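1. Have a look at this fold, sequence not included:
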C-alpha cells in the first residue's frame, strides 16, 4: 500500500477530487482516482483528520489500491512512529454496505465517530501505552486456565480494553461535536457491538459503551481524557459483563 498525505490547510474538496498516487505493481508508476465510495468516507471523516493535524498528531491517510475483500473498510496502522488511517475499500463490498446501512442524516457523524475511534488507537500507540493496563486495573484470569490459555486470555482482554477505549473516544467526539445526535449514535454503537457478539471477545465492549449512555459522562476539555475517565472504571468480570 502507498500513502498520500495532504497538509491540514488544504481544502477537503481538493482532496476528494485529486488523483491519489497509489502505486500498483513493483514500479509504483500507475495511479488511480479515488472511487466515489472512498470520496464519501473521506468527506465524512475529514473533520477528525483536521482535528488530528491541528493537534499535531502524526497521522497519514493510506488508500489501499488493490482489492481488499473482507477487510475492515477503516483501520489504523502504526509505522515508524506515525499513525496510518487505512482505507481498504476496493473490491470490498463492506465499504459501500456500511454507508448504505447508516441512516442518511447520521452518516457524517457516524463516520466521524468511526475515525475518532481509530484516533483513540493512535493516541495510545503514541503514548507507548498500547495493551498497558490503566491505573488501578488488575488483570483478571480464570484460575483454571493453563499457561498457554492464560496468555491467550490476557491478550484478548488487552485487545478488548483497547477497542473499548477507542469506542469511548468516538463517543466523546460525538458528545463534543454532535450533542444533539449523541443518543442515537450511542444506541447505534450499542447495536453494532451487540451484533454477532461473542462475550469476552476483543469487540465485546458493551460494558464500557453502556457506561456512556448519557453523554455528560464524557464531558471534558479533551476527548482522550474524557474517554479515559470512563474507561478506567471497574473492568468486566472474567467471562462476562
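-> Yes, it's here. What you see is a predicted model, and the numbers here were worked out from it, not measured in a lab.

2. ok, which stretches of the chain are helices?
-> Assigned helices in the chain, in chain order: 12-17, 36-54, 93-101, 107-126, 147-177, 182-194, 206-209, 223-231 (criterion: DSSP state H).

3. Can you lay out the ones you listed as CSV showing mean pLDDT, distance to residue 72 and mean neighbour count?
-> No exception for glycine: its C-beta is placed from N, CA and C like everyone else's. As requested, the helices of the chain are arranged in CSV below (pLDDT from 0 to 100; distance: least, C-beta to C-beta, whole Å; neighbours: other C-beta atoms under 10 Å):
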stretch, mean pLDDT, distance to residue 72, mean neighbour count
helix 12-17, 38, 21, 13
helix 36-54, 96, 12, 19
helix 93-101, 96, 8, 15
helix 107-126, 97, 10, 23
helix 147-177, 82, 12, 20
helix 182-194, 96, 13, 17
helix 206-209, 92, 18, 20
helix 223-231, 94, 21, 21
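
4. Tell me what residue 84 is bridged to.
-> Beta-bridge partners recorded for residue 84 (DSSP bridges): residue 60, residue 77.

5. so how far is residue 106 from residue 174?
-> For residue 174, the distance to residue 106 equals 10 Å [C-beta to C-beta, to the nearest Å].

6. Correction: the previous question concerned residue 119.
-> From residue 119 to residue 106 the distance is 19 Å (C-beta to C-beta).

7. hang on, the earlier thing: anything in contact with each of residue 174 and residue 106?
-> Shared between the contact lists of residue 174 and residue 106 (criterion: C-beta atoms under 8 Å, 6 or more residues apart in numbering) are residues 181, 185.

8. got the domain boundaries for the chain?
-> 2-101, 104-231 (automatic domain parsing).

9. List the contacts of residue 165.
-> If you count contacts by C-beta under 8 Å, 6+ apart, then residue 165 has 120, 121, 124, 208, 227, 228, 231 around it.
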